[in-house]
Every structure is written in structure tokens, then in C-alpha cells.
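# I'd like to go over a predicted model; first the sequence, then the structure.
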Amino acid sequence: KSMPNFSRTLFKSRRPMWVMSSPSTITRPMSGFMSPIMCLRRTLFPSPLVSTTLAAAAILDSGSEEQKARWLPGLADGTRIGTLALLEAGDLLAPSGIALLGKPDGDSFVLSGRKHFVADAGAANLFVVAFRTGAGAEDLALAVVDGGAPGVSAKSQATMDQTKRVGTLALDSARVPKSA
């Protein structure tokens, strides 16, 4: 699960500068999508910065206080690398394109399926996954899935452009708590 030209140690040492005071507190000093990239000072290196920033933003905007406390510190201190897992075989980036069904099982959902074109899948160890909770148009949810959990695997795919790292996230009866 490694990416060519990517150093986890370097990533941790150059973590996004939008982490202001401590790893447990993430704030956004500037608004806009490019703000975290601009805050890297004069450093340019191959990293999953944008995908981790998007995963953190999804948790920050949509997560519960418990989820924020659990996942954001690792994204902030560089021990976690996150990404969004949205696209499926139909390749439609819209709610109607999400077919992955989370089957309820007690206090968990069981996820089985594939997410395609996942940015930085080979480096990520935390995935924000879009899935369905039912057949209705509004029955959509996001779950934070630990890359090391049973039934979760990610694989990088070769691309012509090595600066656009993508892969596939495979979920094989992966259990995620309903609070995830």
C-alpha cells in the first residue's frame, strides 16, 4: 500500500499548516479550497495533501463531535492520511450514482462493494465513504472507514500521469458503526 515518490515521514513533518494550535484542534484560518495548499509555505512534494484536506473537511462539516474528536487529531498530526471514496462503477458523481448499500446489522452497517478513482488510495488509511441506507433518493450517508479494518483493502492503480494517484477501495463485508 505504498505510493512511489511518497514519504509518510516527510508528510508528517510537513503536515498542512491549517492545523493551528494542536493536533486536537483543526481550524481554517483562510477560506476557500486552495487555502491549505497555500499554507504549505514554499514546499512542494508529492503528497496526499488535498485528499486528506477533503476528508478532514467532510468530517469537520458533517461529523458528530465524537467523530471529530476521534478522527481529526490523526489527520492533523499526520498519523492518518484520509481521502473520499465516492465514485462507483457507474462513474456518476451525483447522489443517484451511489449504489453501495449499507446493510443494517445491530449497531453497525455492513458494506460490500467497490469505490473507484479514489484519490491517494494507496497511501490512505482513513476513507470517508458514501453509501446508501435505503432505496430512497435521500437515503444517503457518509461513514469514516479505517483502512486497517477487516474487509477493507485499497489498491493503487497505474496511471499515465503519476501526479494523479488513484486507486480502488474494496469493501468485503466491512463493518462500520452507525456512529461512524
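Done, it's in. Please read all numbers here as calculations on a predicted model, not as lab measurements.
# drop to CA atoms for contacts and neighbour counts, all remaining ones
OK.
# got the residue ranges for the helices in this structure?
For the chain, applying DSSP state H gives helices covering 8-13, 35-38, 49-62, 65-77.
# present these as CSV; the columns should include mean pLDDT and mean neighbour count.
As requested, these are exported to CSV (pLDDT from 0 to 100; neighbours: other C-alpha atoms under 10 Å):
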stretch, mean pLDDT, mean neighbour count
helix 8-13, 63, 14
helix 35-38, 44, 16
helix 49-62, 93, 19
helix 65-77, 93, 18
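# could the ones you listed be laid out in a markdown table, adding distance to Ala94?
Shown next, in a markdown table, are the helices of the chain (distance: least, C-alpha to C-alpha, whole Å):
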| stretch | distance to Ala94 |
| --- | --- |
| helix 8-13 | 31 |
| helix 35-38 | 25 |
| helix 49-62 | 16 |
| helix 65-77 | 25 |
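# right, so of the ones you listed, which gets closest to Arg132?
helix 49-62 (16.0 Å; C-alpha to C-alpha).
# so which of the helices of the chain is nearest Leu169?
Leu169 lies closest to helix 49-62 among those, at 14.2 Å (C-alpha to C-alpha).
# centroid residue for this structure?
For the chain, Thr83 is the residue whose C-alpha lies nearest the centre (C-alpha atoms, centre = their mean; 2.3 Å).
# so who does that residue touch?
By C-alpha atoms under 8 Å, 6 or more residues apart in numbering, the contact set of Thr83 is 51-55, 118-121, 124, 126-128.
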